[in-house]
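Novice: Coordinates for the following, if possible.
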Amino acid sequence: MDVGHSRLRLLLARTRLAWQSFRTGWSIFMESRIGVLSLVIIALFAVMAVAHPILMLTIWDSDTYDPVTGYAFDQLEQPAAPSWRHPLGTDPLGRDVLSQLLWSTRSEFVLGITAALVTVAIATTVGAVSAYYGGLVDVFFMRLADLIIALPGISLLIVLSALFKLNLFYLALVIGILGGFGGTAIILKSQALSIKVKPYIEAARVAGGGHFHIIFVHIIPNLLPLSLLYMMFTVTSAIFAEAVLSFLGLLDLRMSWGIMIHTANTGGYLMGGTRYWWLVVPAGASITLLCSAFYLGGRALDEVVNPRLRRRHD
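Specialist: Purely as a prediction, here's the structure:
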């Protein structure tokens, strides 16, 4: 019974400490202008992602506004310029551009967050294990990371897309694995080395803690703030990679921002100047804004994770 109470008190103490750390980090993050801006932009795109199914259920009919099979029957010529019924016009195939834009937002979030979670899970584990064991384990993972870093990422994805049928999930998985075993693992391993020599690690070892316990209870939880930082950067990389591959027509996707630009290019409208701006600008601006938002969010998190970058707080 005493052991159970001790564990409960320890759990409550850790929970309070984690909550206090979160509140401190959140206050630091919110004092950063780029952090607030990034949250506003991400929230805007989240609203866009939620808005599409609501509009399809309430206002839009699928025959006209389906992002893949819809057709604007009320327009005589395609692509049609923006109008009240089609605020961002239609593409060369007569599909509503706003519907495509909103529908693709959900895919971009799923892709970016899935790739980021895979990267963080692999990189954090690899970094902690490499730092803890050292020796041949460290040499193997670090040389693998060097090999992945040396490979050009987009070129490798182009080759993989030619060999395998990549959909949204598999693309996120590939990007996550490459990021997890690549440069992020090296950075987290460096941080894990500094954690490994902390007094509480030695105390846990003396108290009888096994390798698994020390790695997953003491080292990895202390790596998570830095892992969250690189999670933000991975989202940016994943969205950009998808846009490039979709523009080249190498992905098996129903619709995405990259496919929207690919459709405009295939129809010969990409180099048409500003005359058909609605075919390129909405998708291109969305890619730029969402990638920038996650990047700026990562920069703001850097102040939270790295004490040397923090401003003075009363």
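
Novice: could you pull out the helices for the stretch 151-300 of the chain?
Specialist: Assigned by DSSP state H, counting those that start in this stretch, the helices in the stretch 151-300 of the chain fall at 153-163, 168-180, 183-196, 199-206, 211-213, 220-247, 257-266, 281-305.

Novice: Show me which positions of the fourth one end up buried.
Specialist: Right, the one you point to is helix 199-206. For helix 199-206, the buried set under the neighbour-count rule, 16 or more other C-beta atoms under 10 Å, comprises Ile201, Ala204. Backbone N, C-alpha and C define where each C-beta goes, glycine included.

Novice: What average pLDDT does the helix ranked longest in the chain get?
Specialist: Longest helix in the chain, counting residues (DSSP state H): helix 97-133. Averaged over helix 97-133, pLDDT sits at 93.

Novice: Endpoints of stretch 53-70, how far apart?
Specialist: Counting by C-alpha to C-alpha, to the nearest Å, you get 15 Å between the two ends of stretch 53-70.

Novice: Correct me if wrong, but Thr69 is in a helix.
Specialist: No - going by DSSP: H, G, I helix; E, B strand; the rest coil, the assignment for Thr69 is coil, not a helix.

Novice: between the longest helix of the chain and helix 183-196, how many degrees?
Specialist: Counting by axes from the mean of the first three to the mean of the last three C-alpha atoms, to 10 degrees, helix 97-133 lies at 40 degrees to helix 183-196.

Novice: Numbering from 6 from now on, please.
Specialist: Okay, using 6 as the starting number, the last item reads as helix 102-138.

Novice: Just the buried residues of helix 102-138, please?
Specialist: Those would be 102-114, 116-125, 127-137, for helix 102-138 by 16+ other C-beta under 10 Å.

Novice: repeat for stretch 53-60
Specialist: Those would be Met53, Ala54, His57, for stretch 53-60 by 16+ other C-beta under 10 Å.

Novice: Spatially, what comes nearest to the residue nearest in space to the middle of the chain if we skip its sequence neighbours?
Specialist: Residue closest to the mean C-alpha point of the chain, counted by C-alpha atoms, centre = their mean, is Val240 at 1.9 Å. Leaving aside its sequence neighbours, Val240 sits nearest to Gly117 (C-beta to C-beta, 6 or more residues apart in numbering; 3.6 Å).

Novice: Surely that neighbour and Phe299 touch.
Specialist: Yes - counting by C-beta atoms under 8 Å, Gly117 touches Phe299, with 7.1 Å between them.

Novice: list residues touching both of those two?
Specialist: Val240, Thr241, Ile244 (C-beta atoms under 8 Å, 6 or more residues apart in numbering).

Novice: Okay then, goodbye and thanks.
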